[in-house]
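Visitor: my questions are about this predicted structure, shown below with the sequence.
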Amino acid sequence: MNKSILLLVLVIVSIIGSIESKRAFNVRTDLKKPLTFRHFDDKLDYSAINYQWFTQSVDHFNPANSATFQQRYLINDQYWDGKGPVFIMINGEGPMDINTVTQLQFVVWAQQVNALVVSLEHRYYGASFVTEDLSLENLQWLNSAQALADNAVFRNFVAQEYNVPSTSKWVSFGGSYSGALTSWFRIKYPHLVDATIASSAPVNPEVNFYQYLETVQTALQASGPSGNECVENIAIATQKIQALVSQDNYGGVDQMFNLCTPIENQNDVATFMQSLAGNFMGVVQYNDEEPGQIDINYLCNIMTNQSSDPLTNYIQIWNEFANGECVDVSYSSMIAQNQNVTNDENAVGGRMWFYQTCVEFGYYQSSDAPTSNQPFGNLFPFQPYQIQQCADTFGIPNMYPNVNWTITEYGGLNPEPSSVDNTLYVNGSNDEWHNLAILPGNPNAKNTLFINGTSHCADMMIPTSVSPATLTQAQQVIFQFIQSQI
């Protein structure tokens with residue numbers, strides 16, 4: 001075949017593939033949704049806020065390693081009066097959007113107290129490439145300790161560059177993984193930060209995070225009068241699907257659910273079942289973030305539709321998320337994606353976060369909870385499915401996250417009380433991650449806030465018309481705490 005014709009065919013096949021197929025839901029990457037930004041200040045000069053760069057050490061803990069990289073940061077000094085506090089947003093597992101310093105709730109507070117707003121992109125994420133690629137050897141400097149040290153160096157850099165008075169208070173913010181980081185920043189570098197707001201912070205990592213799905217069930221049940229029926233119907237549909245995949249040829253679910261390729265093995269079954277649950281997991285985690293989005297009530301209205309049986313309703317939800325595309329639930333395809341070593345400044349989570357979960361955190365949302373506590377079956381278990389992905393992705397037999405060291409390093413749910421006296425831990429009842437967070441009643445932390453009806457990191461965002469009333473009330477409490485610290 002003529003080379004130009006062959007190239008054209010390959011391009012066409014590639015385009016068709018990108019249009020007609022959709023990869024399976026991956027809990028380690030698809031639950032990594034960026035914060036939602038909302039404009040609030042018409043007087044802000046956005047053109048004056050641009051990405052900037054400074055030189056950072058690759059390895060803060062090895063003096064013999066003099067390698068450096070360029071790390072990206074943002075400054076919004078338009079509210080600062082030269083003597084007010086400094087608000088530093090600790091970033092997590094994704095690109096740092098320029099609106100990080102312009103359109104979040106902490107920026108609203110910065111305007112009110114004349115604060116300098118700064119933020120540093122997490123190493124390896126966004127455009128802050130540390131190495132030329134993401135090979136296993138090059139990922140050795142990707143961990144929470146190096147990230148915290150980055151922020152310590154950056155904090156001192158900002159203090160010098162902006163001649164920040166020694167009397168100015170420093171307040172750090174973060175949510176989800178970056179919420180854990182901001183808590184640990186105060187614990188590890190108390191002389192550099194005066195107060196911390198740790199939102200939805202999973203500071204107590206667990207390898208087998210089965211409680212995640214239990215909170216999904218609780219949130220669905222609390223959605224309204226039909227909440228219990230919604231959960232019961234999901235369980236009925238799940239039982240029928242599990243019965244089908246136990247048959248020869250996996251019961252024909254590949255056609256029933258418009259899968260791109262037939263299911264071939266038990267790992268494909270697990271990926272498929274996880275994808276089914278993932279539609280609900282993502283909605284609960286980010287429920288009512290924006291007007292018009294698919295929310296818990298929408299899903300439960302479908303699942304309790306009396307004109308159809310539960311399985312038909314479940315398939316309807318699957319099809320809505322598939323959006324006319326076939327879905328690739330091949331385990332081997334998922335692993336191949338995780339093995340891509342190319343730096344990508346647009347990746348949210350990606351291979352980088354996958355590596356961090358396999359080394360430090362776990363956080364594997366398995367189906368190991370009792371079936372009475374969650375309706376999604378038991379076919380995507382921790383062992384072997386969840387943990388096997390680490391070994392298959394990175395080629396290290398029996399690879400296992402060292403969460404015990406992470407807890408030893410930072411304290412988990414039992415930090416030294418004096419190290420968190422100036423930290424406020426904020427969580428929401430619908431947020432699955434609160435199971436790993438510091439909650440009211442923890443004897444080691446005196447400043448906690450639990451918001452009924454809110455989801456993941458909701459307190460970090462400017463409220464909308466669909467935000468629960470409890471969110472606005474909670475944000476007033478958070479601001480009062482900040483005022484008491486500065």
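Guide: Thanks, I have the structure now.
Visitor: which SS class is Q70?
Guide: Of the three states, Q70 takes strand under DSSP: H, G, I helix; E, B strand; the rest coil.
Visitor: so what's the residue count around the spatially closest residue to it that is not a sequence neighbour?
Guide: Spatially, and ignoring its direct neighbours in sequence, Q70 is nearest to W53 (4.7 Å; C-beta to C-beta, 6 or more residues apart in numbering). For the C-beta atoms, the positions are set from N, CA and C on the backbone; glycine is no exception. Counted with other C-beta atoms under 10 Å, residues neighbouring W53 total 13.
Visitor: quick one: the strands in the chain?
Guide: 21-23, 52-57, 68-76, 86-90, 116-120, 170-175, 195-199, 326-328, 423-428, 448-451 (DSSP state E).
Visitor: return the residues in contact with the residue nearest to Q70.
Guide: 70-73 (C-beta atoms under 8 Å, 6 or more residues apart in numbering).
Visitor: could I get those residues as JSON lines with pLDDT, distance to K446 and neighbour count?
Guide: JSON lines is the format used below for the contacts of W53 (pLDDT from 0 to 100; distance: C-beta to C-beta, whole Å; neighbours: other C-beta atoms under 10 Å):
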{"residue": "Q70", "pLDDT": "98", "distance to K446": "40", "neighbour count": "12"}
{"residue": "Q71", "pLDDT": "98", "distance to K446": "34", "neighbour count": "24"}
{"residue": "R72", "pLDDT": "98", "distance to K446": "36", "neighbour count": "23"}
{"residue": "Y73", "pLDDT": "98", "distance to K446": "32", "neighbour count": "21"}
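Visitor: give me the phi and psi for L35.
Guide: Dihedral angles of L35 (phi, psi; degrees, to the nearest 10) stand at phi -60, psi 150.
Visitor: which residues does E290 contact?
Guide: Contact partners of E290, counting by C-beta under 8 Å, 6+ apart, are 36, 464, 466.
Visitor: count the neighbours of the first one for me.
Guide: Meaning T36. T36, neighbours per other C-beta under 10 Å, totals 18.
Visitor: same check, this time on the second one
Guide: Per other C-beta under 10 Å, the neighbour tally for T464 reads 13.
Visitor: that one and R38 touch, don't they?
Guide: Yes. Using C-beta atoms under 8 Å, T464 is in contact with R38, at 7.3 Å.
Visitor: contacts for stretch 390-405 next, please.
Guide: 136, 205-207, 335, 338-339, 351, 354-355, 357-362, 387.
Visitor: try 7 Å
Guide: Residues outside stretch 390-405 that contact it (C-beta atoms under 7 Å, 6 or more residues apart in numbering) are 136, 205-207, 335, 338-339, 354, 357-362, 387.
Visitor: okay, it in CSV with CA atoms only?
Guide: C-alpha atoms of stretch 390-405 as CSV (Å, rounded to 0.1, in the frame of the first residue of the first chain):
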residue,chain,number,x,y,z
CYS,A,390,0.2,-1.1,40.5
ALA,A,391,2.3,-4.2,39.6
ASP,A,392,1.0,-4.3,36.1
THR,A,393,1.5,-0.6,35.4
PHE,A,394,5.0,-0.2,36.9
GLY,A,395,6.3,-3.8,36.5
ILE,A,396,7.1,-4.2,40.2
PRO,A,397,5.8,-7.5,41.6
ASN,A,398,3.8,-7.2,44.8
MET,A,399,4.0,-3.4,44.7
TYR,A,400,2.1,-2.1,47.7
PRO,A,401,1.6,1.5,49.0
ASN,A,402,3.4,2.3,52.2
VAL,A,403,0.6,4.0,53.9
ASN,A,404,1.9,3.1,57.3
TRP,A,405,4.9,5.4,56.7
